[in-house]
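# quick one: sequence plus predicted model below, questions after.
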Amino acid sequence: MKRRLLWKLMLNIIPVIGVTILVIWLAIDNLAATYFMRLMENYAIEPTDSHQMFIESVHRYLLWAALAALALALLLSFLMTRRVLRPLSQMTRISQEFAAGDFHNRVEVVSSDEVGQLGLAFNCMADSLARLEQLRKNMVTDVAHELRTPLTNLRGYLEGLSDQVIPPSQKTFQMLESEILRLVHLVDDLQQLAKAEAAKAFLQRRELLVVTLVEQLQSLFEPRLSAKQLQLQVEIDPAELVVYADLDKLLQALRNLLENAWRYTPAGGQVVISAFQQTGMVEIGISNNGPGIAAEDLPFIFERFFRADRSRSRDQGGAGIGLSIVKELIEAHGGEVGAESSAGLTRIWVRLPAAI
């Protein structure tokens, strides 16, 4: 394919050169020769032999010039066309490597023209594919890791019960039930994440009053906040803030954020829900005091299965999917998420389109 395209591009110049030579040839025969004949007549010189000699000389030099021009044009076209086609041949080779699962190589971009821009776009696509492939591998590894612990515990207890090494007591059955519930919660989280990724196509948006959303969250979390003696503070300015969103999916995202704040705030601490207007957007933030998030971990807290404190058990820290669900749901609305953390204070915020 490369050679066919190369020769097609090179052969395109031959008709141009041929037409140019033909025009010059005809011009010499019909114009220059006439001028030569008149010149000879003016000086009383026999024009026939001189005219024939002139025509033959011009034709001979024209043919040599045409051959030289053709050779030079073919050489330059070959070099330039090969330079132009080099990135395309690289893209073909690298695409075949992508198909085989190797996402390491990139196209060498040596120009800023259309071919160079194509190479840059190809490299951007390759980077995205590499990231997606790495996320896929990480997700498979993380899911296997999350499933291994409860399944290993279940297998051990069931083998112990089968071999009558462990007595069938109420405590044993409660332990088995807790491991099964952990698996059920993980499957539910994965299902919610899958639904969140597809949320964009199923949003039922309407105008929602932020105060009403916060009141629903307060009612839902009041027992847990009271049990932990946490103080909830609400700061909404102005009070009539309205967002344009899907009620159920936005509440799900905010519930995940408030649950994180409740889980990681020490007893007797404070949780703050704030909301304010930005240019065309409404920012809703949930802050809590307690252990902050390390600066090197902040860019990754919305990734699947990521937990800033890797030593925390899964019973305390969950599977690390909650914030990923928040990210997918908010971005499905055309919004964005972010986090800020310093010593003793963490704030996670979402920005949503304001109602027009």
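Sure thing, it's come through. Numbers count the residues shown, from 1 in each chain.
# hey, let's count contacts and neighbours off CA atoms from now on
Fine.
# mind checking how far the one helix or strand residue 177 maps to is from the chain centre?
Under the criterion of DSSP states H and E, residue 177 resides in helix 170-197. Relative to its parent chain, helix 170-197 has a centroid offset of 31 Å by C-alpha atoms, centre = their mean, to the nearest Å.
# what about it, average pLDDT?
In this model, helix 170-197 has an average pLDDT of 76.
# what helices or strands is that helix leaning on?
helix 114-162, helix 322-332 (3 or more C-alpha pairs under 8 Å, 6 or more residues apart in numbering; DSSP states H and E).
# please identify the deepest-packed of the ones you listed.
Counting by mean count of other C-alpha atoms under 10 Å, helix 322-332 has the highest mean neighbour count of the helices and strands packed on helix 170-197, with a mean of 23.
# rank the helices and strands packed on helix 170-197 by pLDDT, which is bottom?
Among the helices and strands packed on helix 170-197, helix 114-162 carries the lowest mean pLDDT, a mean of 78.
# run the chain-centre distance for that one.
16 Å.
# got the angle between it and helix 170-197?
Interaxial angle, helix 114-162 versus helix 170-197 (axes from the mean of the first three to the mean of the last three C-alpha atoms, to 10 degrees): 160 degrees.
# give the burial count for residue 288, as a bare number.
28 (other C-alpha atoms under 10 Å).
# now what about the helix or strand harbouring it, what contacts it?
Taking DSSP H and E as the definition, residue 288 sits inside strand 281-289. For strand 281-289, contacts defined as C-alpha atoms under 8 Å, 6 or more residues apart in numbering pick out 241-243, 257-258, 261, 265-266, 269-277, 344-354.
# can you pull out the helices in the protein?
2-11, 13-27, 33-42, 47-99, 114-162, 170-197, 210-227, 247-264, 314-317, 322-332 (DSSP state H).
# turn these into JSON lines, including distance to residue 296.
Below are these laid out as JSON lines (distance: least, C-alpha to C-alpha, whole Å):
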{"stretch": "helix 2-11", "distance to residue 296": "47"}
{"stretch": "helix 13-27", "distance to residue 296": "58"}
{"stretch": "helix 33-42", "distance to residue 296": "84"}
{"stretch": "helix 47-99", "distance to residue 296": "31"}
{"stretch": "helix 114-162", "distance to residue 296": "19"}
{"stretch": "helix 170-197", "distance to residue 296": "25"}
{"stretch": "helix 210-227", "distance to residue 296": "30"}
{"stretch": "helix 247-264", "distance to residue 296": "19"}
{"stretch": "helix 314-317", "distance to residue 296": "19"}
{"stretch": "helix 322-332", "distance to residue 296": "17"}
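# just the buried residues of the contacts of strand 281-289.
241-243, 257-258, 261, 265-266, 269-277, 345-354 (16 or more other C-alpha atoms under 10 Å).
# where strands are concerned, which of these count?
Mapping those onto strands (DSSP state E) picks out 242-243, 270-277, 345-353.
# quick check: closest non-adjacent residue to residue 277.
Sequence neighbours aside, residue 283 is the residue nearest to residue 277 in space, at 6.4 Å (criterion: C-alpha to C-alpha, 6 or more residues apart in numbering).
# any idea how far the one you found lies from residue 263?
22 Å (C-alpha to C-alpha, to the nearest Å).
# looking only at neighbour counts, state which of these two leads.
With neighbours defined as other C-alpha under 10 Å, residue 283 and residue 263 compare such that residue 283 has more, 20 against 16.
# need the contact list for residue 266.
Contacts of residue 266 (C-alpha under 8 Å, 6+ apart): 289, 290.
# how is this protein carved up into domains?
Here the chain is described, according to automatic domain parsing, as comprising the domains 2-105, 138-197, 203-353.
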